[in-house]
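Enquirer: I need the structure of the sequence given here:
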Amino acid sequence: MNRWVKRILIGLGVVAGVLLIALGALVGYGEAAFGRTYERDLYPIEADTSPEGVARGEYLVKHVVACSGCHAERLGGPLTGRVEEVAIGPMRMTLVFPNLTPDEETGLGSWSDAEIARAIREGLDREGRELYIMPSQQLRVLSDADVAAIVGYLRTLEPVRNPLPPLSANALAKPMLAMHLMVPGAVSEPITEAQVAPEPGTVEYGEYLVWLGLCRDCHGQTLQGNKLPTPDALYAPNLTSSGNPGGWTEEQFIQTLRFGRTPEGRLLDPEQMHWPLYGQMSDDDLGAILQYLQSLPAE
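Expert: All right, here's what the predicted structure looks like:
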């Protein structure tokens, strides 16, 4: 055999060996890191079950954070949880969006107020395991009063028994999740001191609502637009002062969110942009959001 052919074959063998070792290390890391627990103290939160607290929590859950976008079988539906099977090439995952009703066995009925608040703001379950697809990096800004109101509202829901499987992934998907290569990490910094919301009606309050509305999940970290990881590569438009909202009036912005049609005539897909939920925010809150978006400089 030609010595150059031998060298090529030896080289390919070395490369294949290195790749197998790397793959084995990756799989081993995924097995070790997936489902690991974090040791941290619970920040004390007590559910606000006053009429005002429950009303505030319902408003946030339904129309600002829009929890039904993940935790319900349909947009605006009951928060009984659901399962989604995901396949990306050889990677397979069973994503589970938990039951948020106060059912003792399959929901949040046996969780403490502080445990629910930690899951929302810090991305950890009762045992301290990462809730891989929980957007806690954004929800961490929730004030103590607002997270207490959300917990108070969830306590008032009708308990629904809905057994769901645990989140799971195959050997190739586990390291991708554990290293946060597929979705952003859920675990945020520990809450160790009181969180207070900005004054309503201000630009800062508009920013607060944008974080809670998870706008950056689709529109990018700078809100300057982002191509979505969908089969048809949809594009979430630029929301800053250089995008279309930069030239809209407050009335036009509110009407867009209320009825799902931009001033330019573009129809918003309710499955992609949850305008039927966000559009139920108050005029003052939508106005504050527009103030914030129009304050963002064009780059």
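Enquirer: you'd agree residue 262 is up against residue 268?
Expert: Yes: between residue 262 and residue 268 there is a contact at 7.2 Å, judged by CB atoms under 8 Å. Using the backbone N, CA and C atoms, a C-beta is placed for each residue, glycine as well.
Enquirer: got any residues that touch both of the two?
Expert: When contacts are counted by CB atoms under 8 Å, 6 or more residues apart in numbering, residue 262 and residue 268 are jointly contacted by residue 256.
Enquirer: hmm, who's touching stretch 124-142?
Expert: Counting by CB under 8 Å, 6+ apart, stretch 124-142 makes contact with 35-40, 65, 70, 95, 97, 111, 115, 118-123, 150, 167, 177, 183-189, 191, 195, 208, 211-212, 214, 216-217, all of which sit outside it.
Enquirer: Take those and keep only those in helices.
Expert: When DSSP state H is applied, these are split such that 70, 115, 118-122, 150, 177, 208, 211-212, 216-217 fall in helices.
Enquirer: Give me the buried entries from the contacts of stretch 124-142.
Expert: In these, burial by neighbour count holds for 35, 65, 70, 95, 97, 111, 115, 118-123, 150, 167, 177, 183-184, 186-188, 191, 208, 211-212, 214, 216-217, counting by 16 or more other CB atoms under 10 Å.
Enquirer: Excluding chain neighbours, give the residue nearest to residue 111 in space.
Expert: Leaving aside its chain neighbours, residue 111 sits nearest to residue 126 (6.1 Å; criterion: CB to CB, 6 or more residues apart in numbering).
Enquirer: so where's the stretch 1-150 of the chain uncertain?
Expert: Counting by pLDDT under 70, the stretch 1-150 of the chain contains low-confidence residues at 1-33.
Enquirer: try 80 this time
Expert: Within the stretch 1-150 of the chain, the set of residues satisfying pLDDT under 80 comprises 1-35.
Enquirer: Could I get the full set of helices for the stretch 1-150 of the chain?
Expert: Assigned helices in the stretch 1-150 of the chain, in chain order: 3-33, 51-59, 68-71, 113-122, 136-139, 144-156 (criterion: DSSP state H, counting those that start in this stretch).
Enquirer: Count the neighbours of the spatially closest residue to residue 147 that is not a sequence neighbour for me.
Expert: Across the structure, with CB to CB, 6+ apart as the measure, the residue nearest residue 147 apart from its sequence neighbours is residue 117 (4.8 Å). Residue 117 has 24 neighbouring residues, counting by other CB atoms under 10 Å.
Enquirer: measure residue 117 to residue 198 for me?
Expert: 20 Å (CB to CB, to the nearest Å).
Enquirer: cool, and residue 225?
Expert: Residue 225 sits 26 Å away from residue 198, going by CB to CB.
Enquirer: Same check on residue 271?
Expert: In this view, residue 271 and residue 198 are 31 Å apart by CB to CB.
Enquirer: got the contact list for stretch 279-298?
Expert: Judged by CB under 8 Å, 6+ apart, the contacts made with stretch 279-298 from elsewhere in the structure are 59, 62-64, 200-207, 209-210, 213, 222-223, 239-243, 245-246, 248, 250, 253-254, 257-260.
Enquirer: Give me the buried subset of those residues.
Expert: Once neighbours are counted (16+ other CB under 10 Å), the buried part of the contacts of stretch 279-298 comes down to 59, 62-64, 203, 205-207, 209-210, 213, 223, 239-240, 243, 245-246, 248, 253-254, 257-258, 260.
Enquirer: can you give me the strands for this structure?
Expert: Counting by DSSP state E, the chain forms strands over residues 82-88, 91-97, 168-169, 226-227, 235-236, given from the N-terminal end onward.
Enquirer: got those strands as JSON lines, with distance to residue 157 columns?
Expert: Listed next are those as JSON lines, based on distance: least, CB to CB, whole Å:
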{"stretch": "strand 82-88", "distance to residue 157": "16"}
{"stretch": "strand 91-97", "distance to residue 157": "15"}
{"stretch": "strand 168-169", "distance to residue 157": "26"}
{"stretch": "strand 226-227", "distance to residue 157": "33"}
{"stretch": "strand 235-236", "distance to residue 157": "31"}
